[in-house]
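> Sequence and predicted structure below; questions after.
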Amino acid sequence: MRNLLRADLKRIFRVGLIYAGLLLALIYISYTVLEGVVNDGSIGLINGVQKSLSGAPMALFIVFPTFYAVFAHELSSKSMQTVLGHGITRDKLIIAKLLDAAIVLLCLYLVIITVALIVINTGSAIVLSPQQQVNLIIFILLRWLRHFGYIVFSAMIMYISGSTVLGIIACIAFTVVFKLVFNIVEFFSSLSLYDYTFDGMLDWAYTGIEVGAAPWQLLPAACYLLAALAITTYFFRRKEFDF
């Protein structure tokens, strides 16, 4: 599986859409942070980073290009049949693809963390305490986990349906639509559904970290991911291919 990962990552990092998305993401973050700094100084910087990373544009700039690069041609080409024909099991293939997505996303977010720390610590008039910087890094890493979750759920729909288009639509829906739907439901009812979603669990986990509590909500969030992986592999094992 190591060779499969290496070959996949070489292919994925040649996709220009990833770098275009990263550039747009950095521009969007810079604009939002600058607006926050002008209004509220150092607190505005933190709020600006959090606001930009929490918005739908950031998810589209980062999540969609990653999903497209990893999965866009997975079903339409014969690459899966070729890999399976070389002895890789279907479970390992799914895990390898999700690891590809996790690694690519992590690389993109490491770039964002690096740029943020450089701006904060080199000649910037904005001063953040070490604890504020740690909390900011944790917030960014939780965004990475959240966006990886969107890709896991979208890949599940793609592999079950056998349609890359549905996977892409699901990816966009997870990043843009679903939170809005839950907010609307909560607005018109007394149901607090969002708190029990994958996103809600991660939000509460970060809130716990900020106040010094154990982020136990990460455990049910991880269970969501494992459940999606189990469902994906279950249906993918039963899928028939033409070799």
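Ah, there it is. Numbers count the residues shown, from 1 in each chain.

> How confident was the prediction at His73?
Note for His73: predicted pLDDT of 70.

> And it, how close does it get to Ile62?
Here His73 is placed at a distance of 20 Å from Ile62 (C-beta to C-beta, to the nearest Å). C-beta here means a position set from N, CA and C on the backbone, and glycine is covered the same way.

> Pick out whichever of the two has more residues nearby.
Neighbour totals were compared for His73 and Ile62, and Ile62 leads with 26 against 14 (other C-beta atoms under 10 Å).

> so what's the most centrally placed residue in the chain up against?
Against the mean C-alpha coordinate of the chain, by C-alpha atoms, centre = their mean, the closest residue is His147 at 1.6 Å. The contact partners of His147, taken as C-beta atoms under 8 Å, 6 or more residues apart in numbering, are Ala59, Ile62, Val63, Thr66, Leu105, Thr175.

> Now Ala59: closest residue in space that isn't a chain neighbour?
Thr175 (3.4 Å; C-beta to C-beta, 6 or more residues apart in numbering).

> can I assume the one you found is in contact with Leu60?
Yes. Counting by C-beta atoms under 8 Å, Leu60 is a contact partner of Thr175 at 6.0 Å.

> Flag every buried residue along the helix or strand Leu105 falls within.
Leu105 is part of helix 90-121, with elements assigned from DSSP states H and E. Buried positions in helix 90-121, judged by neighbour count with 16 or more other C-beta atoms under 10 Å: 90, 93-105, 108-109, 112-113, 116, 119-120.

> next one: stretch 199-215
Asp199, Gly200, Met201, Leu202, Asp203, Trp204, Ala205, Tyr206, Ile209, Pro215.

> Helix or strand for the first one, just tell me which one.
This means Asp199. Under the assignment here (DSSP H and E), Asp199 is part of helix 198-210.
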